[in-house]
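Engineer: With the sequence up front, the predicted model follows.
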Amino acid sequence: MSSEEYLKDISEIKNLMNRSSRFISLSGLSGILAGIYALIGAAYAYWLVNNSSNGYLLLDGKVFRIVIFVLLLVGFLSIATAIFLTTRKAKKNGEKIWDATTRRLLLNFLIPLVAGAIYIIIILGHQKYGQTGALMLLFYGLALINASKYTVGDIRYLGYTEVVLGLLAAMLPGYGFWFWVIGFGVMHIVYGTVMYFKYDRK
Amino acid sequence: MKNIILNINKAFDHRIRLGIMSVLMVNEYAEFTTLKELLGATDGNLASHTKALEKVDFIRVEKQFIGRKPNTRYYATELGKQEFKKHIDALEKLIKNT
């Protein structure tokens, strides 16, 4: 065999290793849109809290409920967009959407995330609201790091960023909201853009 | 040059076999149908290549039933992983030297 043939062998090995163990159709565009939803949601919540009678989030039951609703809406829209765009991309690449690599990716992403979500709900039940933003960032970051082994590796760096932001938010209590805006809004847009140009535009 | 050629393993000297090992290196196991799809091989083709790798103890086969369907899983053995690494290293050296 000539060296070109060996080279072809090696590139095919690498391709097979990636294709069989990682889900690579993740859409960068969905990251950008998730960031935009988060920014819009945060802006609306900010406006709402500052224009409510006491300008304070925690004690006003109605405003608090609306903020929670906005948060859930942002989450729901982000997930729906991600599913839609990723499915479309996988179809275009002629890849299966629901196979072993996807299941493994989702499972490893959801374990830290669900554990974190339950923990946050528990401490909210104890009326400890102060660390919610920090905890959301932390657990989301850990979920991303855990999932990064099963998809494009760059997700790992987004995970690290979210963890650092979460820890900073925990250190500076009054600023949780702003760290949340940076972590879920700005960082999603930044990393989504990076991934879009790196993987989607081919 | 000679000792490099020595590490090129005859057992891997085929696209499909190389492919089977590549997949098994990064996954805990792979099912027959998964391998078939990934490698674009026919049933008979894949079966004969897995048998060849099984014979030299580079892969391990586990057969079971899921419901009524037979299900075959392939695992890379420690020996297989080591030999595969050696083979890849040898390939890389060969490319660098030419």
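Structural biologist: That came through, no problem.
Engineer: packing partners for the helix or strand of chain A with the lowest mean pLDDT?
Structural biologist: Taking mean pLDDT, DSSP states H and E as the measure, chain A has helix A:3-21 as its least confident helix or strand, at a mean of 82. Counting contacts by 3 or more CB pairs under 8 Å, 6 or more residues apart in numbering or on different chains; DSSP states H and E, helix A:3-21 packs against helix B:15-26, helix B:32-39, helix B:78-97. For the C-beta atoms, the positions are set from N, CA and C on the backbone; glycine is no exception.
Engineer: Now with 6 Å, please.
Structural biologist: The contact analysis (3 or more CB pairs under 6 Å, 6 or more residues apart in numbering or on different chains; DSSP states H and E) places helix A:3-21 against helix B:15-26, helix B:78-97.
Engineer: give the contact list for residue A:17.
Structural biologist: B:22, B:26 (CB atoms under 6 Å, 6 or more residues apart in numbering or on different chains).
Engineer: Chain B contacts on chain A?
Structural biologist: A:3, A:6, A:7, A:10, A:13, A:16, A:17, A:20, A:21 (CB under 6 Å from any CB of the partner chain).
Engineer: Kindly recompute the last result at 7 Å.
Structural biologist: A:3, A:6, A:7, A:9, A:10, A:13, A:16, A:17, A:19, A:20, A:21, A:100 (CB under 7 Å from any CB of the partner chain).
Engineer: Could you turn the buried ones of these into a ChimeraX selection?
Structural biologist: To isolate the buried ones among the residues of chain A next to chain B in ChimeraX, judged by 16 or more other CB atoms under 10 Å in any protein chain shown, type:
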select /A:6,9,10,13,16,17,19,20,21,100
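Engineer: Return the residues of chain B in contact with chain A.
Structural biologist: Residues of chain B lying near chain A (CB under 7 Å from any CB): B:18-19, B:22-23, B:25-27, B:30, B:34, B:38, B:91, B:94-95, B:98.
Engineer: which one in those residues is the model shakiest on?
Structural biologist: The lowest pLDDT within the residues of chain B next to chain A belongs to residue B:98, which sits at 65.
Engineer: Show me which residues of the helix or strand where residue A:75 lies are buried.
Structural biologist: Element membership for residue A:75, per DSSP states H and E: helix A:61-92. Of the residues in helix A:61-92, A:63-64, A:66-67, A:70-71, A:74-75, A:77-78, A:81-82, A:85-86, A:89-90 count as buried by neighbour count, 16+ other CB under 10 Å.
Engineer: Would you mind identifying the next helix or strand past it?
Structural biologist: helix A:100-125.
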